[in-house]
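Undergrad: Need coordinates for the below:
(one chain, ligands or ions: 2)
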Amino acid sequence: MSKARTKFVCQNCGMETPAYYGRCPQCGTWGSMVETVEARGPARERRERGMPATRPARLSEVTSAEERRKVVPIGEFNRVLGGGLVPGSLVLLGGDPGVGKSTLLLQVAGLLAPSAGPVVYVSAEESTQQIKLRADRLGITADDLYLLSETNLEAALDAVDPVKPGLLIVDSIQTVYLDDLTSAAGSVSQVRECTARLMQYAKPRHLPVFIVGHVTKEGAIAGPRVLEHMVDAVLYLEGERYHQYRVLRAVKNRFGSTDEVGVFAMTGDGMQEVANPSEAFLQERSPDTHGSAVGVTLEGTRPILVEVQALTSNSAFGLPRRTANGFDNNRLQMLVAVLSKRVGLGLGSQDIYVNIVGGLRIAEPAADLAVVTAIASSYRERPVDPNTVVIGEVGLSGELRSVNQIERRLNEASKLGFARAVVPAPGGRRQLPKVSGIEVIPAASAAEAIEMA
Ligand code: TYD
Ligand code: MG
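TA: Ligands and ions are numbered 1, 2, ... in the order given. Okay, the predicted model is just below:
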C-alpha cells in the first residue's frame, strides 16, 4: 500500500495546507494546525481492503446488537458498559497513569478469552514478558489470550489479523503510531488518526476494541476531546493512586446509560469488585471524632454512603487555605461562605480541609449537607451522632433544598444500620418520606440540620 498523503488542517477555521504553519495563515490562531491523513475515496478504500460494497438496509432487516452483547464476567464492569460489550464498538478507557487501566483490562481479557474467542492484548508500553509477569500475578491462565508488544499500529493490526480475535485491546493510544504521519506518537494527529484506523478495522469485523488513554495534566485525554466523539463509549477509571478504591464511570455510552458506576478495590492480586461500596467506604470510620459526617450520594441508580471528613485549624497566614479532596473546590468555597454568613461560624481565619474518604469523587449537591456538617463539627469540636446520616443540598441563603430519590438513599442508610436521617423539610405538598427502621428528621436550613446532627 502506498504511503497516504497528509495535510495540515487548522482546528479553528478549517484551513487546509500541505505544509505545517505555527500560525494559521487564514485565521491567525497559533498552534492550531494538525496533521491529518488525506482520506482516500471510501469506495477505493473498500476495494483495496477487499470489502463488499454497502447498501441501505430496512429497519427490520437489521439485527439488534442487544442479543449479541458479550457479557463481561465482572459485574461492576458490565454494569458500566450498559450490559455487555457490543460487537464492533470502540470503548475508550481513560484514567491517570498508574490508576490500574492495564490491570483491569488484562483481567477482562483473561476472563473473556475462553468465551469470546481469542483476545489480543496489544501493548505499546510494556514487553510481552512484563505483561506475562502481571498476568501470572493476577492468576490469568487463559490459553486464548494473545500478547503483542508493538508500537506501529499498522504492523500490529497485520499481526492481529490472522488470529481473528473476538476482542482487541490497545494499550495505549498515546504510544501507538501510524507511519503515514510525521508527527510523534501521542500528538493530536497521531491519536486521532490511530483511533480512526482502529475504527475502520473494527467496524466491518464486528470486533469490539478497548483503547487505553492516559489523561493528560489538563484532565483531558490527549488533545481535548479529540477521541471522545469518535468512540462509542468513554469510561474513566478514577481514584487516588495511593488509595485502595477505584471508580469506573461512563461519561459517554452509545449503548447504555452514563449514570452507572462500578467500584473496584486495587489489591495485591488485581482489581476486585466491591459489591457493597457503602460498607467499604464506611469501614474505617471512627465514630465520636469531630469533623466527620456521613452523607448519601447517588451514583447512577445506586445510592452510596460516604464519609466526609473536615478539619478546621487556625490559619497561620493572612489568607486561609480551603482544600478539598474528592469534592469541588469552588463548591467548598461557597459552602464555607454560607457557613460564615448564614450559620454564624467564624471561619474567616480558619484553614479548612475536606476529604471524601476512600478516594471517591462527589459531584452531587446532595452531599453539601454532609460537608457543611463535618466542617461545623470540626470547628465546634463536637462529634456528629454516629448513627445519623445527613442528606441535602445547601442553598446560598443557607436553606436546605430537597434532593431526588430520597427514599432510595434512606433505604440504603437503613440497610447499613443508621437510625436517624436529617433531610430537607418537604416544601408544600410533599410528604416526609417514610422508610422502615430509620427516623427521618426534617430540617429547613443548614443551621437547623447541623443542630440536629
Ligand atoms: P496499571 O494497571 O499499570 O496502571 P495504568 O495502566 O492505569 O497506568 O497499574 C499500576 C499500579 O497498580 C501499580 O502501581 C501497581 C498496582 N498493582 C496492584 O496494586 N496490584 C496488582 O495486582 C497489580 C497488577 C498492580
Ligand atoms: Mg498501563
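
Undergrad: For the longest helix anywhere in the chain, enumerate the helices and strands it packs against.
TA: Counting by DSSP state H, the longest helix found in the chain is helix 188-205. With contacts taken as 3 or more Cβ pairs under 8 Å, 6 or more residues apart in numbering; DSSP states H and E, helix 188-205 sits against strand 33-37, strand 90-95, helix 153-160, strand 167-171, strand 209-214. The C-beta positions use only the backbone N, C-alpha and C, and glycine is treated the same way.

Undergrad: now it: how far from the chain's centre is it?
TA: On the basis of Cα atoms, centre = their mean, to the nearest Å, helix 188-205 sits 22 Å off its chain's mean C-alpha point.

Undergrad: quick one: it to strand 33-37, angle?
TA: Per axes from the mean of the first three to the mean of the last three Cα atoms, to 10 degrees, the angle that helix 188-205 makes with strand 33-37 is 30 degrees.

Undergrad: re the thing from before, so which of the helices and strands packed on helix 188-205 comes closest to Met452?
TA: Checking the helices and strands packed on helix 188-205 against Met452 by Cβ to Cβ gives strand 90-95 as the closest, at 39.3 Å.

Undergrad: any residues touching the helix or strand that that closest one is followed by, and which ones?
TA: Once strand 90-95 ends, the next helix or strand along the chain (criterion: DSSP states H and E) is helix 101-116. Helix 101-116 is contacted by residues 70, 72-74, 77, 85, 93-95, 119, 121, 123, 125-126, 131, 134-135, 138, 140-145, 166-167, 169, 171-172, 210, 212, 237, 246, 248, 264, 266, 270-271 when judged by Cβ atoms under 8 Å, 6 or more residues apart in numbering.

Undergrad: In helices, which of those appear?
TA: Under the assignment DSSP H, these contribute Phe77, Ile131, Arg134, Ala135, Leu138 to helices.

Undergrad: Only the buried members of those residues: can you turn that into a ChimeraX selection?
TA: Here is the ChimeraX selection string for the buried members of the ones in helices among the contacts of helix 101-116, based on 16 or more other Cβ atoms under 10 Å:
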select :77,131,134,135
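
Undergrad: re earlier: let me have the helices and strands packed on helix 188-205 in CSV, extended by distance to ligand 1, mean neighbour count and mean pLDDT.
TA: Shown next, in CSV, are those (distance: least, Cβ to the nearest ligand atom, whole Å; neighbours: other Cβ atoms under 10 Å; pLDDT from 0 to 100):
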stretch, distance to ligand 1, mean neighbour count, mean pLDDT
strand 33-37, 26, 20, 80
strand 90-95, 5, 24, 92
helix 153-160, 18, 18, 94
strand 167-171, 7, 26, 94
strand 209-214, 7, 25, 92
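
Undergrad: TSV please, covering those and showing distance to Pro114.
TA: Below are the helices and strands packed on helix 188-205 laid out as TSV (distance: least, Cβ to Cβ, whole Å):
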stretch	distance to Pro114
strand 33-37	37
strand 90-95	20
helix 153-160	19
strand 167-171	12
strand 209-214	17
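
Undergrad: picking up where we left off before, list just the nearest of the ones in helices among the contacts of helix 101-116 to ligand 1.
TA: Arg134 (4.9 Å; Cβ to the nearest ligand atom).

Undergrad: How about the closest one, nearest residue that isn't a chain neighbour?
TA: Setting aside the residues directly before and after it, Arg134 is nearest to Leu106 in space (Cβ to Cβ, 6 or more residues apart in numbering), at 6.1 Å.

Undergrad: so what pLDDT did the one you found get?
TA: On the pLDDT scale, Leu106 is placed at 95.

Undergrad: Count the neighbours of it for me.
TA: Counted with other Cβ atoms under 10 Å, the neighbours of Leu106 add up to 25.

Undergrad: And Glu150, by the same measure?
TA: Neighbours of Glu150 under the rule other Cβ under 10 Å: 18.

Undergrad: got the contact list for it?
TA: Contacts for Glu150 were tallied using Cβ under 8 Å, 6+ apart; they are Val122, Ser123, Ala124, Ala156, Ala159, Val176.

Undergrad: go again using 7 Å as the cut-off
TA: The contact partners of Glu150, taken as Cβ atoms under 7 Å, 6 or more residues apart in numbering, are Val122, Ala124, Ala156, Ala159.

Undergrad: Out of these, give me the two with the largest separation.
TA: The largest separation in the contacts of Glu150, counting by Cβ to Cβ, is between Ala124 and Ala159 at 12.7 Å.

Undergrad: near ligand 1, which residues of the chain?
TA: By Cβ under 6 Å from any ligand atom, the residues of the chain that approach ligand 1 are 95, 97-103, 134, 137-138, 266, 268-270.

Undergrad: got a winner among the residues you listed for most neighbours?
TA: With neighbours taken as other Cβ under 10 Å, the top of these is Lys101, carrying 26 neighbours.

Undergrad: still on that earlier bit, make CSV out of the ones in helices among the contacts of helix 101-116 and add distance to Gly256 and pLDDT.
TA: Converted to CSV, the ones in helices among the contacts of helix 101-116 look like this (distance: Cβ to Cβ, whole Å; pLDDT from 0 to 100):
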residue, distance to Gly256, pLDDT
Phe77, 12, 91
Ile131, 29, 94
Arg134, 29, 93
Ala135, 29, 94
Leu138, 26, 92
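
Undergrad: So of the ones in helices among the contacts of helix 101-116, which two are at opposite extremes in space?
TA: Phe77 and Ile131 (19.4 Å).

Undergrad: How about Gly31: what's its closest non-neighbour residue?
TA: Nearest in space to Gly31, with sequence neighbours left out and distances taken as Cβ to Cβ, 6+ apart, is Gly22 at 6.6 Å.
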